[in-house]
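K.L.:
dropping a prediction and its sequence here:
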Amino acid sequence: MRTRLAAHADELVAAPAAPPLSGIFLSFLKLGAFAFGGVYGMLSFFEKELVERRRWLTSDELAEGIVIAQMTPGPPIVNLGVFVGYRLRGVRGAFAATAGQVLPGFLIVLLVGVAYARLSASPALRGALGGIAAAVVGLLGSVVLKMGRRVVDGAPAGIIAVASFALLAFAHANPIALIASSGLAGYLLFGARR
């Protein structure tokens, strides 16, 4: 009995302290303010901030959060923020992460909308938007490579990944049906091993 209590006490000491709500809010405020390019463009920022810098999540936990965010209704990147906030501090953490993440985007879109209405014919603005779009493509490629190396571990997972890409890109498959069938295939292939 005493050994079990000592082991439990060691686990409690070793467990990292949950970050404060203000820390969650400020981290997601930064992510919301400086991460551009939609869900896939923002994933590299999420990984750098939450996994590498803060160490609030592991790479596997982030990958699981991405999958859950994609499967749930609503904007996937906001869903990911809710997942991370909830994982860190429960419902209050989910609210802090969501508020921090959404606030900068709301304010920026409001300001950009006003500016774009006035400057939409400007060649400088069109050039800047073209440069940003090219950078986002580079960010997407980086995320795909990193995530692919981590998630696709073996021939069966590689076959699912390549088949999913081909079906979506060339056959214009329904993404929901593709996710559901890939989940079933993953369960049949990998579930039996675990």
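P.N.:
Done, it's in. Numbering: from 1, shown residues only.

K.L.:
for the chain, which spans come out with low pLDDT?
P.N.:
For the chain, applying pLDDT under 70 flags the ranges 1-16, 36-39, 192-194.

K.L.:
please repeat the previous calculation with a cut-off of 80.
P.N.:
The chain contains residues with pLDDT under 80 at 1-17, 35-41, 116, 119-121, 125, 191-194.

K.L.:
toward the C-terminus, what is the element adjacent to the longest helix along it?
P.N.:
Counting residues, the longest helix in the chain under DSSP state H turns out to be helix 76-119. Toward the C-terminus, helix 76-119 is succeeded by helix 123-151 as the next helix or strand (DSSP states H and E).

K.L.:
packing partners for the longest helix of the chain?
P.N.:
The contact analysis (3 or more CB pairs under 8 Å, 6 or more residues apart in numbering; DSSP states H and E) places helix 76-119 against helix 21-34, helix 38-46, helix 59-71. Backbone N, C-alpha and C define where each C-beta goes, glycine included.

K.L.:
could those go into JSON lines alongside mean neighbour count and distance to residue 126?
P.N.:
Listed next are these as JSON lines, based on neighbours: other CB atoms under 10 Å; distance: least, CB to CB, whole Å:
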{"stretch": "helix 21-34", "mean neighbour count": "19", "distance to residue 126": "23"}
{"stretch": "helix 38-46", "mean neighbour count": "20", "distance to residue 126": "20"}
{"stretch": "helix 59-71", "mean neighbour count": "17", "distance to residue 126": "32"}
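
K.L.:
right, and those - which one's nearest residue 89?
P.N.:
Among these, helix 21-34 comes nearest to residue 89, with 6.1 Å by CB to CB.

K.L.:
possible to save the helices and strands packed on helix 76-119 as a markdown table with distance to residue 153?
P.N.:
Shown next, in a markdown table, are these (distance: least, CB to CB, whole Å):
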| stretch | distance to residue 153 |
| --- | --- |
| helix 21-34 | 28 |
| helix 38-46 | 19 |
| helix 59-71 | 11 |
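
K.L.:
out of those, which gets nearest to residue 169?
P.N.:
helix 38-46 (14.5 Å).
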